[in-house]
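In: Any chance you could fold what I've pasted below:
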Amino acid sequence: MNKLEPDIESNVMIEPKQLDALRSAFNLFLADSGKTTLKPSQLLSVFTRLKLEEDFASICEMLIYLVSEFQDEEMMFETFMRHCNDYYSERSTKDGLKRIFRLFDKTGDGVIDRQEME
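Out: Numbers count the residues shown, from 1 in each chain. Next up, the predicted model:
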């Protein structure tokens, strides 16, 4: 089993069930291939073949993003998890900013004017 550095694992912004699913899929692939790295596209194919897109929609979205960003880059689990954490950190920041903006955008027109700031 791959062990993450303690600070990486504790900072991963996904649920433990999702982390376990990713780790299991990663380790399954490594055991079959005898390698220490794999491509995000390989993990995505596992989730797709097992029809886990609905149960793990957030993970599949993240894998699609990683495939588009890193294409055929081989990754060790630790590197892969750093990219996952970056993805979820950026996403949660963007989502948080959108929620805050909507609080001030009382008319919902995508613009905050002086009246809405009062």
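
In: ok, Phe26 - how many residues close by?
Out: 22 (other C-beta atoms under 10 Å). No exception for glycine: its C-beta is placed from N, CA and C like everyone else's.

In: so what's it closest to, chain neighbours aside?
Out: Nearest in space to Phe26, with sequence neighbours left out and distances taken as C-beta to C-beta, 6 or more residues apart in numbering, is Phe77 at 5.3 Å.

In: What is the neighbour count of that neighbour?
Out: For Phe77, the tally of surrounding residues (other C-beta under 10 Å) stands at 20.

In: pretty sure it contacts Leu19?
Out: No - the criterion here is C-beta atoms under 8 Å, and Phe77 misses it with Leu19 at 10.8 Å.

In: Tell me which other helices or strands the helix or strand that contains Tyr88 touches.
Out: Using DSSP states H and E, Tyr88 falls within helix 77-104. Here helix 77-104 touches helix 6-11, helix 16-33, helix 40-49, helix 57-70, going by 3 or more C-beta pairs under 8 Å, 6 or more residues apart in numbering; DSSP states H and E.

In: Redo these as CSV? Include distance to Arg102 and mean pLDDT.
Out: Converted to CSV, the helices and strands packed on helix 77-104 look like this (distance: least, C-beta to C-beta, whole Å; pLDDT from 0 to 100):
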stretch, distance to Arg102, mean pLDDT
helix 6-11, 27, 52
helix 16-33, 27, 82
helix 40-49, 32, 87
helix 57-70, 21, 87
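
In: Which one, of those helices, ends up nearest to Asp105?
Out: Asp105 lies closest to helix 57-70 among the helices and strands packed on helix 77-104, at 25.6 Å (C-beta to C-beta).

In: With that, I have no additional questions.
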